[in-house]
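*Asks:* quick one, structure for this:
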Amino acid sequence: MAEYKAGARIIGTSAERLALNVASPPQTSWKEIGRFKVSGGNTSDVTVRGLSNATSGDLTDKDNLMILYYAKKNSSANTRWRVDLDTDDKYAIRYHNYANVGNSLTDTAYDEQTNIMTHAGTLSDCFGTIQCVNYPTKPKLLNFVETGGSGTGNTTPPNYTMCVGKYAPSSNQAIEQISMINTDSGSFANDTEIVVLGANNDESDGGSGSNFWQELYSGSTTGASATNFTTAQFAKKNWLWVQATFRVSSASGQGLMYFGENGSFSSMGGANRYSNNGGAEGTQNQVTYGIVAPNSDGTSWCTVEAFVMNRSGVEKLVHSYGIMDNDSGDANSDPNRTTATWKYTSDSGSGTAGGQLDILKVSTANGGNIAEAYVRVYGAD
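*Replies:* Take a look at the predicted model:
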């Protein structure tokens with residue numbers, strides 16, 4: 001039987017730990033409440049007001065928002081954000097990006113801004129996620145992560161920005177519109193897209209529309225140690241959300257995540273930029289994996305959450321968070337932040353950047369083993 005100790009620590013059997021830590025979350029919540037995809041020519045800004053490229057109206061009120069976006073650049077374009085078309089200086093931000101990371105993560109902060117800046121470079125196409133608690137009576141706190149593509153797939157590490165933002169409206173209301181704007185000389189090209197998801201705290205499963213995220217794969221292994229755990233091939237979707245928990249059974253083994261196309265893995269499909277424990281960042285080129293967790297102490301559990309922009313015809317952009325618990329009582333858990341890009345052949349085998357990712361595996365570096373693994377993959381178009 002699991003026991004609860006001081007400091008909210010829990011002890012128990014492996015089976016009890018599994019039930020507590022990686023039990024299937026209810027497939028409730030996220031419904032699509034807004035979408036806009038650029039077509040018919042370049043534009044300097046994109047505003048989401050509802051479904052199906054709505055040009056009027058407001059987003060349905062929801063307690064929580066998750067926003068996925070892909071910005072396809074025409075020349076030099078940045079990504080900045082406004083809420084409800086508000087151009088007053090009601091925004092504050094704190095961010096760091098690839099240009100500010102040396103031997104430590106250095107934050108840059110601004111208050112009284114007229115927008116929230118998130119661009120991970122201005123010339124590369126980019127993919128980002130935004131999460132926000134959207135209570136009408138509270139200031140809006142937003143968490144942004146953006147991966148900027150390299151344009152060369154597996155030979156150059158991608159760029160990134162991590163940003164927290166605050167919007168303090170003059171009146172009490174939920175967010176009704178969200179805008180991505182560009183203040184540089186270029187513009188957003190065709191196929192730029194923003195998808196807005198919403199969920200109330202008591203949202204019912206399919207209660208008022210279909211769930212956006214659909215489970216594509218769920219699997220686990222609890223047997224003997226192995227060098228990796230590989231999923232079955234899953235359906236190809238434009239957006240992926242990966243949740244993985246696995247135990248690294250060898251000391252000094254970093255957690256790795258591999259992505260593949262058409263059910264197989266390339267020997268040099270990707271490039272990544274990562275940081276462990278808030279330290280100096282590292283980069284890797286022409287590899288098929290991303291480092292998604294710091295070094296293990298030999299008994300560690302690793303939990304990873306990754307989002308993937310998985311469109312056909314372009315390089316695939318990924319960002320992830322990982323935590324290695326280094327199972328030593330009250331010892332601190334060790335975090336990881338990774339951004340990655342993959343560039344494989346197309347589905348037709350023509351050698352372009354096209355094919356969609358449809359298989360993954362978790363593993364560990366330095367010849368170590370995975371003792372247990374639990375992986376879920378969600379997807380949507």
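
*Asks:* read off the pLDDT value for the one residue sitting closest to the centre of the chain.
*Replies:* When the chain is reduced to its mean C-alpha position, the closest residue under CA atoms, centre = their mean turns out to be residue 307, at 3.2 Å. Listed pLDDT for residue 307 reads 96.

*Asks:* show me which positions of the one helix or strand it maps to end up buried.
*Replies:* Mapping residue 307 onto the secondary structure by DSSP states H and E places it in strand 301-309. In terms of neighbour count (16 or more other CB atoms under 10 Å), strand 301-309 has its buried residues at 301, 302, 303, 304, 306, 307, 308, 309. For the C-beta atoms, the positions are set from N, CA and C on the backbone; glycine is no exception.

*Asks:* who does it pair up with?
*Replies:* strand 239-248 (antiparallel), strand 316-324 (antiparallel) (DSSP bridges).

*Asks:* okay, those strands in JSON lines with mean neighbour count and distance to residue 357 next?
*Replies:* Output for the strands paired with strand 301-309, formatted as JSON lines (neighbours: other CB atoms under 10 Å; distance: least, CB to CB, whole Å):
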{"stretch": "strand 239-248", "mean neighbour count": "24", "distance to residue 357": "7"}
{"stretch": "strand 316-324", "mean neighbour count": "25", "distance to residue 357": "6"}
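
*Asks:* residue 294 is nearest to which of the ones you listed?
*Replies:* Comparing the strands paired with strand 301-309 by their distance to residue 294 (CB to CB), the top pick is strand 316-324, with 4.9 Å.

*Asks:* C-terminal to the closest one, what's the next element?
*Replies:* Toward the C-terminus, strand 316-324 is succeeded by strand 334-342 as the next helix or strand (DSSP H and E).

*Asks:* so which elements touch the helix or strand encompassing residue 363?
*Replies:* Assignment of secondary structure by DSSP H and E places residue 363 within strand 357-364. If contacts are counted by 3 or more CB pairs under 8 Å, 6 or more residues apart in numbering; DSSP states H and E, strand 357-364 sits against strand 228-230, strand 239-248, strand 251-261, strand 289-297, strand 370-380.

*Asks:* which residues does the strand holding residue 307 contact?
*Replies:* Contacts to strand 301-309, defined as CB atoms under 8 Å, 6 or more residues apart in numbering, come from residues 21-22, 68, 70, 127, 129, 145, 147, 238-248, 255, 257, 259, 292-293, 296, 316-325, 327, 357, 362.

*Asks:* name the element residue 93 belongs to?
*Replies:* Assessed by DSSP H and E, residue 93 sits inside strand 91-97.

*Asks:* skipping its backbone neighbours, what lies nearest residue 232 in space?
*Replies:* Leaving aside its sequence neighbours, residue 232 sits nearest to residue 217 (CB to CB, 6 or more residues apart in numbering; 6.2 Å).

*Asks:* and the one you found, what does it touch?
*Replies:* Taking CB under 8 Å, 6+ apart, one finds 231, 232, 234, 375, 376, 377 in contact with residue 217.

*Asks:* how near is it to residue 209?
*Replies:* Counting by CB to CB, to the nearest Å, the separation of residue 217 from residue 209 is 24 Å.

*Asks:* so where do the helices sit in the protein?
*Replies:* 14-21 (DSSP state H).

*Asks:* tell me how many other residues surround residue 284.
*Replies:* The number of residues packed near residue 284 is 17, by other CB atoms under 10 Å.
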